[in-house]
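Participant: everything below, folded, please.
(chains A, B, C and D)
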There are 2 protein chains.
Amino acid sequence: MMHHSFELILANIGRHISLTAEESSYFTQLLRPGHYARRELLLMEGAVCTDFTFIVSGCMKSYLLDQQQKEHILTFAAPDWWIADINSFITGNPGNLFIQAISETHTLALSRRNQEILLREIPKFERCFRILTERAFAASLQRNIDAMSLSALERFEKFRLQYPYLLSLLSDQEIASYIGVTPSFFSRMLKKHHLK
Amino acid sequence: MMHHSFELILANIGRHISLTAEESSYFTQLLRPGHYARRELLLMEGAVCTDFTFIVSGCMKSYLLDQQQKEHILTFAAPDWWIADINSFITGNPGNLFIQAISETHTLALSRRNQEILLREIPKFERCFRILTERAFAASLQRNIDAMSLSALERFEKFRLQYPYLLSLLSDQEIASYIGVTPSFFSRMLKKHHLK
DNA sequence: CGTCTATTTGAATGTACTCAAAAGCGGTGG
DNA sequence: CCACCGCTTTTGAGTACATTCAAATAGACG
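Facilitator: Next comes the predicted model:
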């Protein structure tokens, strides 16, 4: 099971900085384990996102509802990924994103307060979070590029090649929402191109 | 003129960390001033982006050309902003972005090598770059949200409210490319809504 | 088995695109 | 100063991609 063992998150951090045993345990002490059932919300629109959340097992999504209450999925987070409403997290203002478990999910949350303590006590974590943020930023820019320069079909092809693991966990509506089309168009597209 | 005085960039940094006079001068020593004529390229597709570039005056854009050689603008950078092909910068691999001056532009470039030196010598810059990256990341996510949930008209309205300064510097084609429509559609849209 | 939700399909529509041509605009040279 | 060139913007006509709304079908689960 090992849901709340810290191997995965320490390996994640260890890709960017080296920690001593004491530093590792200082870090893990600041984490708050969490457990979410399928469809359970971690964050609601209008709430302040106080945590940077690491996915140990399961899967989550962040999304917003537009004026017509249509869901638009911004990110998925599989195990070994982080999820948050970054804008709310860094400003401390209420956010406009929902974060929800897609399947049963175990998490480790680092609160803003604990992040500040961590950065003060072990400054090399600044480097780690800088690198994590840079990577997430690069991925977000690539998504902007794809949205502008690829067709819906190309966006889907890219998605399934890039995240085959997610494909099996997600409903068609969720994939459609992520690539930016309606479920009915997505269904027609799959049929037309014999992708199902 | 003061194009290569460091007031602007020191104020930019000073919003996130405090520097002593010695630290400030150590930092500015690592910067390479640059000057670009209108339409001059700072970076070409296929090249490695070795610099994080701060805009002192003028304006730049980053864009890519798709399979049909159509230009898609990813970001604009006005004075007091940074620009780079982040993906290429952090991986060291050749990038797929162009970076070009829209008007005559004065810059201060921090090379990857010098950034490493800076981070080693004055570790609190880790914090500064983490924060800069977080903000740029949040802006990029917001753009993804807007692309998914707003109409072309709404994206334009938001753009003109958010960046009135840029409006006067840019051609219609550039604005159209940024909001993700063709110049002809953009022209029709402006006319239809009496926005010109 | 019945209920609930997800997916598919149909028909009509809208948003944005392509290609091509025309008009407007800015600079340059005769 | 005007004529011309090149580039941007506008317009026209036809089209493609994607949407809406509603209904039908299929799956999942108690």
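
Participant: in the lowest-mean-pLDDT helix or strand in chain A, what counts as buried?
Facilitator: Of all the helices and strands that make up chain A, helix A:164-167 has the lowest average by mean pLDDT, DSSP states H and E, namely a mean of 93. Within helix A:164-167, the residues that qualify as buried are residue A:166, counting by 16 or more other C-beta atoms under 10 Å in any protein chain shown. Yep, even glycine has a C-beta here, placed from its N, CA and C like the rest.

Participant: what's the separation between residue A:7 and residue A:28?
Facilitator: Relative to residue A:28, residue A:7 is positioned 10 Å away (criterion: C-beta to C-beta, to the nearest Å).

Participant: chain B contacts on chain A?
Facilitator: A:64, A:66, A:70, A:72, A:74, A:86-87, A:90, A:119, A:123-124, A:126-127, A:129-131, A:133-138, A:140-145, A:147-149, A:180 (C-beta under 8 Å from any C-beta of the partner chain).

Participant: check the gap between residue A:108 and residue A:114 for me.
Facilitator: Distance, residue A:108 to residue A:114, using C-beta to C-beta: 11 Å.

Participant: intersection of neighbour lists for those two?
Facilitator: By the contact definition C-beta atoms under 8 Å, 6 or more residues apart in numbering or on different chains, residue A:108 and residue A:114 are jointly contacted by residue A:31.

Participant: compare the two (neighbour count), which wins?
Facilitator: residue A:108 (22 against 18; other C-beta atoms under 10 Å in any protein chain shown).

Participant: list phi and psi for the more buried one.
Facilitator: The phi/psi pair for residue A:108 (degrees, to the nearest 10) reads phi -130, psi 120.

Participant: element containing residue A:60?
Facilitator: Per DSSP states H and E, residue A:60 falls inside strand A:51-65.

Participant: can you name every helix or strand that whichever helix or strand comes after that strand contacts?
Facilitator: Counting by DSSP H and E, the element after strand A:51-65 in chain order, helix or strand, is strand A:71-77. With contacts defined as 3 or more C-beta pairs under 8 Å, 6 or more residues apart in numbering or on different chains; DSSP states H and E, the packing partners of strand A:71-77 are strand A:51-65, helix A:172-179, helix B:124-149.

Participant: so which elements touch the helix or strand that the last one is followed by?
Facilitator: Tracing the chain past helix B:124-149, the next element assigned as helix or strand by DSSP H and E is helix B:152-162. Counting contacts by 3+ C-beta pairs under 8 Å, 6+ apart, the secondary-structure elements packed against helix B:152-162 are helix B:124-149, helix B:172-179, helix B:183-192.
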